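S.K.: Here is a sequence with its predicted model. Questions after.
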Amino acid sequence: MLKKERQAYILHQVNLHNKVLSSHLSEQMGVSEDTIRRDLAELAKEGKMLKVHGGGLSNSFHQGAVAQDVYAIEEKRIIAMKAVELIRDGMFVLTTGGTTILQLARMLPPELRATFVTVSLPAASEYANHPNIEVIVIGDKLSKNSKITVGGEAIAKIKDIRADLCFIGVNAIDVQAGLTDNDWEVVQVKKTMVATAKKVVAMCISEKVNTAEHLKVCNVEDIDILITELQPKSKKLQPYSSKGIKIL
């Protein structure tokens, strides 16, 4: 693989999954980690991503960039519009973080009266702009990479919440592998959310469907609703429908 092709692949993976690990990219592309580190450094120097210890981060995910810098922004807006239809007055709604969740926060109708509980600082800031929403922020150690709170105290607090709806931003989903991610601490928070909520809604662009990361969040059977930008009858989504998941 040529250098230009390598770096294009790396950048696509960063934008798609928000975070990449040098070891994972090395394994996928069959090149040394030193080569990957040099590529990451060059991409970061060009301002296309952020280089961190062990890998890289998407600019849009980490910095809360303007809309035109968010990967697949139109698809995420479609997903958010579908998700908003599920929320009713009086609900307790639990959310993770990520750019799709931020689109949901920005599309909530002003007349909605509900309580939103989140571990995401960017999401909490968006919810706080809403005139009629109560906002509960679950505190603990802040993950600088994901901008969400993680750790034992956050997990203990989530266990005490019986949310009507839980919106999970999905990094990767596959019928066999389930919902997966690449951040250990984030996975522990998501696991707890899935286990405690009355109804779990997975939100992801279709490009993440039938992909997998190294760390498992839950089985696909553990989610109730899957929202993508595709039509619900899309062939790509039928294996998930056959598992009893409602497709939006």
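M.R.: Now that the structure is in, tell me what you want to look at.

S.K.: how does the chain divide into domains?
M.R.: 3-62, 73-247 (automatic domain parsing).

S.K.: ranking those by mean pLDDT, which is last?
M.R.: Of all the domains of the chain, domain 3-62 carries the lowest average pLDDT, namely a mean of 87.

S.K.: In contact with residue 143, which residues are there?
M.R.: 149-150, 183, 185-186 (CB atoms under 8 Å, 6 or more residues apart in numbering). No exception for glycine: its C-beta is placed from N, CA and C like everyone else's.

S.K.: From the centroid of the chain, which residue is nearest?
M.R.: residue 169 (3.0 Å; CA atoms, centre = their mean).

S.K.: Greatest separation within the contacts of residue 143: which pair is it?
M.R.: 149 and 183 (13.0 Å; CB to CB).

S.K.: what about these two, which has more around it?
M.R.: Using other CB atoms under 10 Å as the criterion, residue 149 and residue 183 rank with residue 149 on top: 25 against 21.

S.K.: beta partners for that one?
M.R.: Counting by DSSP bridges, residue 149 is bridged to residue 142.

S.K.: now it: how far from residue 139?
M.R.: 6 Å (CB to CB, to the nearest Å).

S.K.: just to revisit the earlier point, skipping its backbone neighbours, what lies nearest the residue nearest to the centre of the chain in space?
M.R.: residue 98 (3.3 Å; CB to CB, 6 or more residues apart in numbering).

S.K.: how far away is the one you found from residue 233?
M.R.: For residue 98 relative to residue 233 (CB to CB), the value is 26 Å.

S.K.: higher neighbour count, these two?
M.R.: Legend: neighbour count by other CB under 10 Å for residue 98 and residue 233, higher for residue 98 (26 against 9).

S.K.: Give me the distance between that one and residue 146.
M.R.: 8 Å.

S.K.: start to end distance for stretch 132-139?
M.R.: This stretch, stretch 132-139, spans 22 Å end to end (CA to CA, to the nearest Å).

S.K.: Fine by me, we can end here.
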